[in-house]
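1. Fold the stuff below for me.
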Amino acid sequence: MSEAIQEISPFTEELIRQLRATDQFGNWSKMSDEELLIKKYVKTKEDLKALPIIADIDEMLIGEIKMIFKAVALQFERKTGVMCNVVMEMSHEGFGRCIVIAGRIVLVDKYFKDAHRFSFRTIEKLYEEGDKYLENAYKTYTQYKPCIA
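-> Numbers count the residues shown, from 1 in each chain. A predicted model of the protein is given here:
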C-alpha cells in the first residue's frame, strides 16, 4: 500500500484490504491502490451520463457497495473490540438499505435509490464519506452504549 493512502485513514486502508482480498486471480495486482479505488468507486459526470436512469443493478456492484460498510465495521471492531454486522438488502432495481449494527445499536443506516449509479465524484469524496461514517459510528456507539449495559 502506498504511504499516502495509509496516512489518509484507517477506513481507506481497510477498504483497500477488502478490495485486494477479492482479487482471486491477481487482475488488479499491477494497479496502485488509488487506481483501484478510482476504478471501483469514482465516476465523473460524463460516466454517469452514459448510465441509464433506470436499470437493474448487478451483484458485483452490490458487493462493492457493501464493501464500504464492511470496511467501516471492521475498523470499528479494531478500535472498540465490539463485533459488528453489516446487513444489506437491495432490490434488483437498486433500491435498498445498508446498516451496520454493533450489538443492538445501529451505527450506520444508509438508504439507496438508483444504486446502479452509486459512485463518488473524486477519490477524496470517497475518503471523506468513509471517514464520516466511521466517526459517526464511534459517536453513536458512545452515545447509546450506556443504554444497553
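2. buried sites along the strand or helix carrying residue 135?
-> Assessed by DSSP states H and E, residue 135 sits inside helix 123-148. Using 16 or more other Cβ atoms under 10 Å as the test for burial, helix 123-148 gives 123, 126, 127, 129, 130, 131, 133, 134, 137, 140, 141. C-beta coordinates here come from the backbone N, C-alpha and C atoms, glycine included.
3. ok, now which ones touch the last one?
-> I take that to be residue 141. Counting by Cβ atoms under 8 Å, 6 or more residues apart in numbering, residue 141 touches 76, 80, 82, 102, 105, 107.
4. How about the second one?
-> Residues in contact with residue 126, defined by Cβ under 8 Å, 6+ apart, are 12, 37, 41, 42, 120.
5. Secondary structure class of residue 24, three-state.
-> coil (DSSP: H, G, I helix; E, B strand; the rest coil).
6. and it, how many neighbours does it have?
-> A total of 6 residues lie near residue 24 under the criterion other Cβ atoms under 10 Å.
7. does residue 105 have beta-bridge partners, and which?
-> residue 102 (DSSP bridges).
8. Would you mind confirming that it is in contact with residue 144?
-> Yes: with contacts counted by Cβ atoms under 8 Å, residue 105 reaches residue 144, the gap being 4.9 Å.
9. Please enumerate the strands of this structure.
-> Using DSSP state E, the strands of the chain run over 84-90, 96-102, 105-112.
10. will you turn these into JSON lines that also has mean pLDDT?
-> Below are the strands of the chain laid out as JSON lines (pLDDT from 0 to 100):
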{"stretch": "strand 84-90", "mean pLDDT": "96"}
{"stretch": "strand 96-102", "mean pLDDT": "97"}
{"stretch": "strand 105-112", "mean pLDDT": "96"}
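11. Of all those strands, which one comes closest to residue 63?
-> Of all the strands of the chain, strand 84-90 sits nearest to residue 63, with 9.2 Å by Cβ to Cβ.
12. Noted, bye for now.
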